[in-house]
Every structure is written in structure tokens, then in C-alpha cells.
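[1] with the sequence up front, the predicted model follows.
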Amino acid sequence: MSRAKTAKNVTTIPATISRFTAAPINEQRKRRTAGYARVSTDSEEQFTSYEAQVDYYTNYIKSRDDWEFVDVYTDEGISATNTKKREGFKRMVEDALDGKIDLIVTKSVSRFARNTVDSLTTVRQLKEKGIEIYFEKENIWTLDSKGELLITIMSSLAQEESRSISENVTWGQRKRFSDGKVTVPFGHFLGYDRGEDGNLVLNEKEAVIVRHIFALFLGGYSPYKIAKTLTAEGILSPGKKAKWNAATVRRMLKNEKYKGDALLQKSYTTDFLTKKKKINEGEIPQYYVKNNHEAIIDPAVFDMVQIELENRNPGTNRRSGVSIFSSRIKCGECGSWYGSKIWHSTSKYRRTIYQCNRKYDKGSHCRTPHLDEETIKTLFISAVNKLLSDKEEILGNFELIKSTVFDTADLEKEQAELQNELEVVAGMIQQAIDDNAHFALDQGEYQERYNGLVDRFDLAKARHTAVTEEITDKQTRLSTINTFLGTLSKQDNLLTEFDEKLWCSLVDYATVYDKDDVRFTFKDSTEIQA
């Protein structure tokens with residue numbers, strides 16, 4: 001016996017909770033609404049626009065009967081390519097997730113975020129909590145079924161717009177670099193102000209500090225000790241802070257702008273979204289501008305500092321700047337520097353002595369004696385007084401050899417020719433690579449052409465490096481000797497007591513062979529046994 005089939009009866013149970021307010025549909029609850037405004041530039045016109053946006057959203061939200069005004073969250077002068085530094089944006093999202101906001105109203109997708117990932121992540125994060133975003137320009141409501149598709153499309157377009165703007169800015173910067181136009185962060189750069197033409201103009205008050213730093217370093221101070229000295233003297237750092245650090249001092253000592261030159265494009269932006277920067281190691285062109293502005297440090301003195309920095313780099317037998325005697329006393333047996341040691345450090349007999357750093361190395365035992373500070377000072381006075389007795393002869397001999405031994409005219413001519421060769425060959429290499437990328441070339445012939453050009457470039461570069469080093473060496477030695485002779489000529493009387501400034505300016509190093517055989521090598525290469 002079969003049963004009659006019963007017809008399906010579907011009853012609709014209507015939604016009783018509003019998906020927008022999470023409240024019963026028969027209950028009048030206003031949506032708590034906030035506005036978001038962002039202006040990405042710092043021009044006066046844009047800030048007027050910013051004020052207008054704040055006023056607009058305040059009035060717009062309050063004019064709606066179904067909305068309850070919460071706040072207008074704002075960010076000024078901040079790029080939209082990521083949300084990391086947008087404090088107003090982050091505070092708004094936190095408030096929304098804490099249940100203080102139901103709806104966010106903003107001008108457009110590009111005002112909200114130009115990064116697709118950031119934009120969608122935020123939209124989905126808020127959507128999960130039932131919080132909606134309304135983009136006026138595109139008329140997008142994110143809780144609408146079409147919202148996410150439209151958001152994805154619009155964010156991608158906005159991201160490409162950001163890429164285009166970034167590339168235009170980058171092109172403009174590189175064009176300025178190629179034209180030799182120099183810019184620095186003047187607010188954090190000691191020694192120069194921005195001139196009317198945008199170039200560097202000497203600030204004499206700050207230039208005194210820069211010269212002081214270079215003089216301390218050449219006097220044997222380490223960057224750390226210089227930083228402590230400047231802090232103790234109450235001198236403000238480039239960032240206008242009371243405390244200096246060694247890294248700041250080291251950067252200043254290496255900055256070519258203090259000798260009147262400028263190396264442009266030391267770093268570049270690798271990703272327009274993250275704004276991540278990378279030190280330029282040859283990926284893109286650099287431009288070196290000589291004599292761009294008035295120098296604070298004489299170029300030869302600057303080069304002396306670079307050589308000294310290199311000598312103090314970590315490694316075997318490196319120079320030290322711990323005290324004025326560090327790396328100024330050499331072992332005559334093994335060639336190592338003398339280092340300081342404290343004897344009787346906890347008693348009244350405490351004293352500092354200097355001995356060979358390798359004196360007790362495994363497998364060796366240098367027999368050179370240790371010296372205390374008083375002995376070094378006494379020997380120095382003896383050597384300087386011998387030097388002063390020959391002062392007129394030393395000054396006369398230098399004038400005779402100066403014009404021939406230190407002449408760099410021929411080297412500079414060769415350097416310029418090699419620089420031109422490097423630029424020409426680099427262009428030919430790049431052209432060969434481009435041709436191979438765009439045309440079907442015989443790869444054997446291309447490789448042979450490419451290898452030939454690379455060999456030619458490497459040969460020119462090696463010679464250019466050697467010539468440049470020779471020029472720098474001659475100029476540095478000339479400057480060192482000129483400084484030495486200037487100091488020597490001003491010293492009219494024999495020394496009766498140790499003079500720290502004379503030690504730093506006259507002595508290159510002292511070599512200890514025996515307790516009765518200590519020889520001082522002065523900065524003009526004169527050697528005198530004390």
C-alpha cells in the first residue's frame with residue numbers, strides 16, 4: 001500500500017537582526033560612524049584641503065539621522081603606501097575593533113591605502129567584526145556582496161598609481177644627481193646651511209666643531225673618545241641632542257662633503273611600497289662632484305683621516321686610539337705596536353706601562369723592554385730638541401725637493417684619461433647587454449665581445465685605482481709634511497717639558513730596540529735616536 005507524497009512546505013524565517021548595527025531590526029539604533037582623512041604632502045594648499053576634509057566629514061556624519069558621530073581620524077603628511085607610520089589610521093582601526101565604531105567613511109580607496117595588501121587586510125579584519133567602510137568616490141560599501149571585488153580592483157589601480165608617482169620622484173632625484181645638484185638633510189647636518197640656490201653654505205660657528213672633531217682624531221683620539229669629549233663639552237650633536245655617539249663621529253669623519261666634494265646616490269630605494277633603502281654598491285650610477293661648495297677640512301687633511309681610519313680598522317696589528325701613545329710606539333723586534341697595561345691597579349703604586357702587544361704570544365717572546373709614560377715623555381723631549389737643532393736644514397731641504405717629489409700633474413692627466421675610458425667602456429658593455437636582450441645574436445660572438453669589453457674595463461679600472469692611490473698618497477704626505485714643518489718653524493725654544501700637541505703633530509711613531517735605543521720617526525720621515 002503506497003503513501004501519497006506530501007508537498008514540501010518552506011517557511012521563511014525573516015532576519016530580525018540588522019547586519020549593519022547587530023541590533024534587532026525593530027529597534028532604532030544609530031550606526032556609530034567615524035571619518036578618516038589623510039593628506040600625503042606638506043604643501044600649504046594640501047593642508048587647506050586637509051582642514052576642509054575634517055570639517056566636511058564632521059558635518060556630513062552629523063547631518064545623518066541614522067548615524068552617530070564618533071570622531072574624524074586624521075594623518076598629516078604621510079604616504080599611503082603602507083600603514084606602519086599612520087598613527088591616526090591605526091588608532092581608528094583599534095577603536096573599531098574595540099567596538100567603538102560601526103562605520104568608517106572616507107574619501108576614496110587611494111586616500112585609505114594605496115597598497116593592496118594593507119587595504120584588503122584592514123577591510124577583512126574590520127569586516128569580520130561587522131564594521132563597514134564606505135568609500136564615497138567609488139560608492140563602495142565593504143559589507144556589500146560586490147564590495148570586496150571592487151576593493152581589490154580599486155586598490156590594485158591605486159597601487160599602480162603609487163608606483164608611477166614613486167618612479168617619477170626617483171627619476172627626478174636621479175636627474176638632479178646627474179646634473180650635480182647636492183641635497184643633504186640640513187636639519188641633521190653639522191657645518192652647513194641651505195643657501196638660496198639650495199646648495200651648501202658654510203656655517204662658521206658649526207664648522208669650528210667639525211674642525212675640532214678632525215683635529216682630535218688626528219691627535220690620536222678614537223671616535224668613542226671624541227664622542228665623550230664633545231658630550232662633556234656641552235656641544236650638541238647634528239641631531240641637536242646632548243649626547244654624542246661614536247657612530248655619528250665616524251660618519252662625519254668619512255663624509256666627503258667636509259672637503260668640499262659630494263658623492264651623490266650613495267643609496268637608493270629598492271621597493272616603492274616598503275620604502276626600503278639599500279647602499280648603492282654599483283647597481284645604479286653614482287656621481288662625484290668636486291669643489292661643489294666651500295670646504296671645512298682641507299682635502300689633504302681629509303685624506304689623511306681616511307688613511308688613519310683604515311689603519312685603525314679591526315685586524316692584526318691595527319692602530320689604536322685609546323691614548324696619545326697608542327699605536328705610536330713600535331716593537332723593533334717584531335714590528336707590532338706597543339699597548340698599555342696597568343700595573344698595581346689596586347694599590348698606591350698603580351702606573352701605566354707600554355709593552356709589545358705580542359710580547360707573550362705563543363711561540364714567540366720579544367725581548368724589547370717596556371716603557372712607562374714618564375720615560376716616553378723624557379725620550380720625546382730629547383728627540384725633539386735634537387730635531388730643533390737641525391730645523392733650518394730640514395726646512396731648506398724640503399723646499400728643494402717639494403716641487404719634484406710631490407708633483408701630481410702627470411698623474412692627474414692620466415687619471416682623467418682613464419676615467420673617460422671607464423665611462424666609454426661601461427657604456428659599451430651596457431649596450432652589448434641590451435643588444436643581446438633584444439636581438440637574436442650569435443651567443444659565441446656575443447660572449448667574446450662581452451668578455452673583451454670586461455677585460456678592457458678591468459684593466460682601466462685597476463690602473464685608475466693605482467693612479468688615484470698614488471695621487472692621494474703624494475697629496476697626503478705633502479699635507480702631513482707641510483703641517484709638520486709649520487709646527488716645527490713656530491717652535492723657537494727647546495722643550496723643557498712634555499707637550500701633548502707637539503707629540504701628536506710631530507711624531508709619526510717611535511721604535512723601541514732596547515732600553516738605550518729608542519728612535520723617533522717624525523712626520524717628514526726624519527729619524528732621531530733619543
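    Here it is on my side, so go on.
[2] strands along the stretch 351-500 of the chain, start to end?
    Along the stretch 351-500 of the chain, counting by DSSP state E, counting those that start in this stretch, strands occupy 351-356, 371-372.
[3] for N436, give me its contacts.
    Q443, Y446, Y450 (C-beta atoms under 8 Å, 6 or more residues apart in numbering). Just so you know, the C-beta spots here come from the backbone N, C-alpha and C atoms, and that holds for glycine as well.
[4] number of nearby residues for the first one?
    Q443 is flanked by 10 other residues according to other C-beta atoms under 10 Å.
[5] who touches it in this structure?
    N436.
[6] one more time with 10 Å
    N436, Y450 (C-beta atoms under 10 Å, 6 or more residues apart in numbering).
[7] looking at the strands of the stretch 351-500 of the chain, which one is packed in the most?
    Burial of the strands of the stretch 351-500 of the chain is given as mean neighbour count (mean count of other C-beta atoms under 10 Å); strand 351-356 ranks first at a mean of 18.
[8] residues making contact with that one?
    323, 325-326, 328-345, 364-376, 510, 512.
[9] how about that strand as PDB, C-alpha atoms only?
    Output in PDB follows, covering the C-alpha atoms of strand 351-356 (Å, rounded to 0.1, in the frame of the first residue of the first chain):
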ATOM      1  CA  ARG A 351     101.000  53.100  37.000                       C
ATOM      2  CA  THR A 352     100.500  52.700  33.200                       C
ATOM      3  CA  ILE A 353     103.300  51.000  31.200                       C
ATOM      4  CA  TYR A 354     103.600  50.200  27.500                       C
ATOM      5  CA  GLN A 355     104.900  46.900  26.100                       C
ATOM      6  CA  CYS A 356     104.800  44.900  22.800                       C
END
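[10] show me how to select, in PyMOL, the buried members of the contacts of strand 351-356.
    Selection of buried members from the contacts of strand 351-356 for PyMOL, criterion 16 or more other C-beta atoms under 10 Å:
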select buried, resi 323+325+326+328+329+330+331+332+333+334+336+337+338+339+340+366+368+369+371+373+375+376+510+512
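[11] so which of the contacts of strand 351-356 sit within helices?
    Counting by DSSP state H, those place E373, E374, T375, I376 in helices.
[12] now do the second one, the pLDDT please.
    The per-residue pLDDT reported for E374 equals 90.
[13] make sure it is actually in contact with F498.
    Yes - using C-beta atoms under 10 Å, E374 is in contact with F498, at 8.8 Å.
[14] ok, which stretches of the chain are helices?
    Ranges of helices in the chain, per DSSP H, are 44-62, 87-97, 109-112, 116-128, 147-178, 204-218, 223-232, 246-254, 299-311, 373-389, 391-405, 409-438, 443-490, 500-506.
[15] now T248, nearest residue through space, not along the chain?
    Nearest in space to T248, with sequence neighbours left out and distances taken as C-beta to C-beta, 6 or more residues apart in numbering, is S237 at 5.9 Å.
[16] counting neighbours, what do you get for Y349?
    8.
[17] do the one 10 residues further on as well
    Around K359 sit 20 other residues, with neighbours defined as other C-beta under 10 Å.
[18] quick one: residues contacting it.
    Contacts of K359 (C-beta under 10 Å, 6+ apart): 331, 333-334, 336, 338-339, 341, 365-370.
[19] where does the stretch 1-150 of the chain have low pLDDT?
    The stretch 1-150 of the chain contains residues with pLDDT under 70 at 1-28, 40-49, 77-85, 113-118, 145, 148, 150.
[20] switch to 90 and redo it
    1-31, 37-56, 64-66, 74-90, 107-125, 127-130, 135-150 (pLDDT under 90).
[21] kindly state the beta-bridge partners for the residue lying closest to W67 once chain neighbours are set aside.
    Leaving aside its sequence neighbours, W67 sits nearest to T33 (C-beta to C-beta, 6+ apart; 4.1 Å). Using DSSP bridges, the beta-bridge partners of T33 come out as F69, L103.
[22] now the closest residue in space to F520 that isn't next to it in sequence: how far from N291?
    Distance criterion C-beta to C-beta, 6+ apart; nearest residue to F520, sequence neighbours excluded, is A383 at 4.1 Å. Computed as C-beta to C-beta, to the nearest Å, the A383 to N291 distance reads 40 Å.
[23] done for today, thanks.
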